[in-house]
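[1] Return a 3D structure for these sequence lines:
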Amino acid sequence: MNTKQGAKNKEALWRVLEQERVMPHAVDLPSLSGLDADELLRLERAWSGIQASERRQLLQTLTQLAEDDFEMDFNAIFRLALRDEDPEVRVAGVEGLWEDDDVRLIPELLRLLLDETVPEVRVAVVQCLAHFVLLGELRKIHPQPFAQLCQVLSLVHRNPDEMLEVRRRALESLAYASVVELPALIQAAYAHPEEAMQISAIFAMGRSADARWKDTVARQLHHPSPAMRYEATRACGELLVRDAVPNLVELVEDVDLEVQEAALWALGQIGGDLARLTLERYLKSDSAALRTAANDALQELEFLHGNLDTFFGPPEEFVSESDVPWDLSRSQRRGRARGRAAASDLLDDDGFDDADDLDDDDDLEDEADLDDDFEDDDDFEDEDEFDDEYDDAEYADD
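    Next up, the predicted model:
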């Protein structure tokens with residue numbers, strides 16, 4: 001888009017927002033990406049005059065645009081929506097922030113979790129926080145906010161007066177973390193009388209990447225509930241339960257399409273000859289959804305377990321510090337990738353394994369800034385104080 005056309009689109013966008021008070025045309029929406037401070041203030045003044053239904057539609061469309069184009073940045077607008085009077089708009093704002101890595105969001109989301117009374121918004125906040133738990137586990141954020149986040153999620157999950165849906169989603173989000181109490185929390189959730197909590201326990205088992213749960217998740221593969229079968233299937237893939245492959249092959253014929261797709265995905269994660277043959281067979285399925293799932297899973301299998309020569313192809317030139325020729329290093333390249341270890345290596349290529357690298361990352365705030373957000377926040381200074389405020393807060397009836 002040329003500069004002149006871009007200016008016309010932005011002019012049309014502001015006219016619609018400020019005068020017509022409706023959602024702008026889709027072609028104009030990219031102009032809302034990366035708003036500066038003055039533009040954001042301008043939008044904030046116009047925001048309340050737009051009908052709630054239009055605000056919801058706008059946020060949902062912006063979320064889709066951001067998913068389709070990673071260069072689109074509407075995070076400032078999503079944050080604005082967190083303070084909206086309409087709960088559905090707040091939910092849409094939270095959902096738009098699921099990919100935002102800004103650690104300054106953590107105290108803002110925790111405060112919203114504490115003050116919010118609408119169950120749907122609280123669930124959305126807890127699920128959004130899972131992203132930051134994963135970043136903390138990968139040491140992409142500083143330890144202090146990570147510890148605070150895990151503490152709050154643990155408190156929310158263990159609160160018997162909290163809504164069941166919020167409690168179970170808190171456990172799912174916490175499951176990324178290697179906190180000492182996690183196995184006991186998962187075990188208690190698995191023994192909970194409500195099936196919904198049991199399903200979240202299976203979900204958490206898979207997300208935890210803890211091998212102790214392999215037999216437990218495998219036992220649920222033929223559960224009467226499709227939701228339980230789905231989560232057990234995903235968990236088997238995440239935990240690389242090789243003994244479950246024959247059962248997963250059977251589940252590719254499940255009556256539930258989502259379970260079928262999950263089974264194909266899990267086979268791609270686990271690998272092996274039987275998994276490969278099954279995926280290749282489903283490349284010819286009558287179902288377009290299953291063909292797509294099989295193709296995606298087969299690519300995952302090749303990447304995680306196959307010969308990387310085939311996946312990437314040989315480079316045009318091979319140069320290494322040891323000057324080992326490409327052909328002479330074939331024995332090293334022929335070995336199977338180590339599943340999650342290989343994926344972890346790719347994640348760690350940016351150097352975040354070293355604590356010193358955290359201080360050099362331009363995307364993270366200085367620790368002094370983080371201290372302003374967390375250590376000086378009397379509401380979250382320690383677990384006892386959070387307990388008191390959490391207990392005093394008013395929530396919607398279950």
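
[2] Now Ala218. Nearest residue, chain neighbours left out?
    Ala244 (4.6 Å; C-beta to C-beta, 6 or more residues apart in numbering). Every C-beta, even on glycine, is put in place using the N, C-alpha and C of the backbone.

[3] That neighbour touches Gln220, doesn't it?
    No: Ala244 is beyond contact range of Gln220, at 10.4 Å (criterion: C-beta atoms under 8 Å).

[4] Neighbour count for these two, which is higher?
    Ala244 (26 against 21; other C-beta atoms under 10 Å).

[5] Can you name the residues that contact the more buried one?
    By C-beta atoms under 8 Å, 6 or more residues apart in numbering, the residues touching Ala244 are 217-218, 221, 236, 266, 270.

[6] Could you do His222 as well?
    Applying C-beta under 8 Å, 6+ apart, we find His222 in contact with 229, 247.

[7] how many neighbours does the residue lying closest to Asp102 once chain neighbours are set aside have?
    In space, and not counting its chain neighbours, Asp102 is closest to Asn75: 7.3 Å by C-beta to C-beta, 6+ apart. The local packing of Asn75 (other C-beta under 10 Å) involves 21 other residues.

[8] what does the one 5 residues further on give?
    Using other C-beta under 10 Å, the number of residues around Leu80 comes to 19.

[9] contacting residues around it?
    Leu80 makes contacts with 40, 43-44, 47, 93, as judged by C-beta under 8 Å, 6+ apart.

[10] Quick one, which of those residues are buried?
    The neighbour count (16 or more other C-beta atoms under 10 Å) marks 43, 47, 93 as buried among the contacts of Leu80.

[11] Tell me how far the first one lies from Leu129.
    As judged by C-beta to C-beta, to the nearest Å, Leu43 and Leu129 stand 26 Å apart.

[12] Repeat that for the last one.
    Going from Gly93 to Leu129 by C-beta to C-beta gives 14 Å.

[13] sorry, back to before: out of the contacts of Ala244, flag the one nearest to Thr61.
    The shortest gap between Thr61 and any of the contacts of Ala244 belongs to Ala266, at 33.1 Å (C-beta to C-beta).

[14] Could you check which helix or strand contains that closest one?
    Using DSSP states H and E, the element containing Ala266 is helix 257-270.

[15] got a list of contacts for that helix?
    With C-beta under 8 Å, 6+ apart as the contact definition, helix 257-270 has outside contacts at 226, 229-230, 233-234, 236-238, 240-242, 244-245, 248-249, 251-254, 275, 278-279, 282, 287, 289-290, 293-294, 296-301, 304, 339.

[16] buried ones in the helix or strand following it?
    Counting by DSSP H and E, the next helix or strand C-terminal to helix 257-270 is helix 273-282. Within helix 273-282, the residues that count as buried by 16+ other C-beta under 10 Å are 275-276, 278-279, 282.

[17] could you dump those residues to CSV with distance to Ala211 and pLDDT?
    Formatted as CSV, these follow (distance: C-beta to C-beta, whole Å; pLDDT from 0 to 100):
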residue, distance to Ala211, pLDDT
Ala275, 19, 97
Arg276, 23, 96
Thr278, 24, 97
Leu279, 24, 97
Tyr282, 28, 98
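
[18] Mind putting the residues you listed into TSV with distance to Leu109?
    Below are those laid out as TSV (distance: C-beta to C-beta, whole Å):
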residue	distance to Leu109
Ala275	39
Arg276	42
Thr278	41
Leu279	39
Tyr282	40
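
[19] Closest one of the residues you listed to Glu88?
    Closest approach to Glu88 among the buried residues of helix 273-282 (C-beta to C-beta): Tyr282, at 38.5 Å.

[20] who's in contact with the closest one?
    So Tyr282 contacts 252, 264, 290-291, 293-294 (C-beta under 8 Å, 6+ apart).

[21] Narrow the residues you listed to those that are buried.
    Of these, these count as buried by 16+ other C-beta under 10 Å: 252, 264, 290, 293-294.
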